[in-house]
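Engineer: Provided below are the primary sequence and the corresponding predicted coordinates.
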Amino acid sequence: MRIDDALKPLAAPIAITFNASSAGERFSDRNYPAPSDTGRTGAVSAGCVFWVHATERTFVTAPADHGNCSVGSYTHGVLRGADAVSKDDVQAILSAGWVSEADFGALPALTTSPTAITYGPLTAAVDPDVVLLRLNGLGLMTVKDAFPDLSISGKPQCHIIPQALLSGAPCASVGCALSRARTGMRSEEMTCAIPAKGLEDFVERVEAAGALDRAMARYASQDAKRFV
C-alpha cells in the first residue's frame, strides 16, 4: 500500500468502524474474567489491545467487550462520563494525579453509543471510520511536516480515535503508560489516527512531505561531508 511505502509503519495499518453491524466473526467467545469491585470486566484488559489483534484479522466487538477499561469505554461512547468516573480504574488514575478530573472530562469522546465496533487490517476494510497507524519518530515527523497543525497529544492514547472522527483531521499520540503496559507496544511506537474519509488526501500529503524530507536529508548529508 502507498501508506506503507510513505511512512513505513511499525505494524500493519488497521481500520476501525463504529456502529457497524454486529454480524461477523466475534473477537472471542470465551467467558470474561471475574469483575472488579465496581463491575469492570471485558474480553481484553483495554480496548487498545484490540489494535494489536486487528493487524492480523477482522473481528467484531460488542460494547461490553471493552468494559474492563473505563477510560476507553468513555472515549468510545460506551460509558457516559459520570459512569466512567465511578469505576475503580478511573478513580485510581485520578487519585494518583495521573490526570485531573477536569482533564478527564475534557477528553474527546463519542456521544453516540456504538452497537458494535469492528477492527481489522486496513487492506480488508469496507467503509471504515478511522485508520490507525503505529509509527516511529521518523514516520510521525513526516506526518507533522505534511500537517503542520497536527495535534500531538499524550495520555490517554485511545482518545485520538474519537478525536480524529469528530474533528475530521489526523491526530497523533506519543502514547500512554496504561496503553503501553496493556498492549506491549514498543517504546519507539507512537500512534496516528486518520479519519477514513480523508485517507486519500492524507496519503498524498505525506508522500509529498516525505519526498521533500528526503531531498533535504540528501542535501544535509552532502553538506556534512565538508566536516569529515
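Structural biologist: Nice, thanks for sending it over.
Engineer: helix, strand or coil: sort out the residue nearest to residue 196 when sequence neighbours are not counted for me.
Structural biologist: Counting by C-beta to C-beta, 6 or more residues apart in numbering, residue 128 is the residue found nearest to residue 196 once chain neighbours are left out, at 4.6 Å. Every residue, glycine included, has its C-beta placed from N, CA and C. Put simply, residue 128 is coil when judged by DSSP: H, G, I helix; E, B strand; the rest coil.
Engineer: from residue 18, how far out is residue 128?
Structural biologist: 9 Å (C-beta to C-beta, to the nearest Å).
Engineer: got any residues that touch both of the two?
Structural biologist: Residues touching both residue 128 and residue 18 (C-beta atoms under 8 Å, 6 or more residues apart in numbering): none.
Engineer: one step back: quick check: the residue nearest to residue 196 touching residue 195?
Structural biologist: No: if you go by C-beta atoms under 8 Å, residue 128 and residue 195 don't touch, sitting 9.6 Å apart.
Engineer: for this protein, just list every one of the strands.
Structural biologist: All strands of the chain, identified by DSSP state E, fall at 14-18, 59-61, 117-121, 130-135, 151-153, 171-173, 190-195.
Engineer: any chance of the ones you listed in a markdown table with mean pLDDT as columns?
Structural biologist: Shown next, in a markdown table, are the strands of the chain (pLDDT from 0 to 100):
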| stretch | mean pLDDT |
| --- | --- |
| strand 14-18 | 96 |
| strand 59-61 | 95 |
| strand 117-121 | 97 |
| strand 130-135 | 98 |
| strand 151-153 | 97 |
| strand 171-173 | 98 |
| strand 190-195 | 98 |
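Engineer: what's around the residue nearest to residue 196, how many residues?
Structural biologist: Residue 128: 22 surrounding residues under other C-beta atoms under 10 Å.
Engineer: tell me the pLDDT at it?
Structural biologist: Looking at residue 128, its pLDDT is 95.
Engineer: and if you look at residue 28?
Structural biologist: Here, the pLDDT recorded for residue 28 equals 83.
Engineer: redo the strands of the chain as TSV? Include distance to residue 51 and mean neighbour count.
Structural biologist: Shown next, in TSV, are those (distance: least, C-beta to C-beta, whole Å; neighbours: other C-beta atoms under 10 Å):
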stretch	distance to residue 51	mean neighbour count
strand 14-18	6	23
strand 59-61	12	21
strand 117-121	7	24
strand 130-135	6	23
strand 151-153	17	15
strand 171-173	12	24
strand 190-195	8	25
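Engineer: got those strands as a markdown table, with distance to residue 210 columns?
Structural biologist: Output for these, formatted as a markdown table (distance: least, C-beta to C-beta, whole Å):
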| stretch | distance to residue 210 |
| --- | --- |
| strand 14-18 | 21 |
| strand 59-61 | 32 |
| strand 117-121 | 22 |
| strand 130-135 | 12 |
| strand 151-153 | 18 |
| strand 171-173 | 16 |
| strand 190-195 | 14 |
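Engineer: how about the ones you listed, which one is nearest residue 97?
Structural biologist: strand 151-153 (18.0 Å; C-beta to C-beta).
Engineer: so what strands line up beside the closest one?
Structural biologist: Strand 151-153 has its sheet partners listed here by DSSP bridges as strand 171-173 (parallel).
Engineer: show residues contacting the strand it pairs with.
Structural biologist: 135, 140, 143-144, 150-154, 157, 159-160, 163-164, 190-193.
Engineer: for this structure, which helix is longest?
Structural biologist: helix 199-224 (DSSP state H).
Engineer: so what secondary structure elements neighbour it?
Structural biologist: The helices and strands touching helix 199-224, judged by 3 or more C-beta pairs under 8 Å, 6 or more residues apart in numbering; DSSP states H and E, are helix 2-7, helix 137-146.
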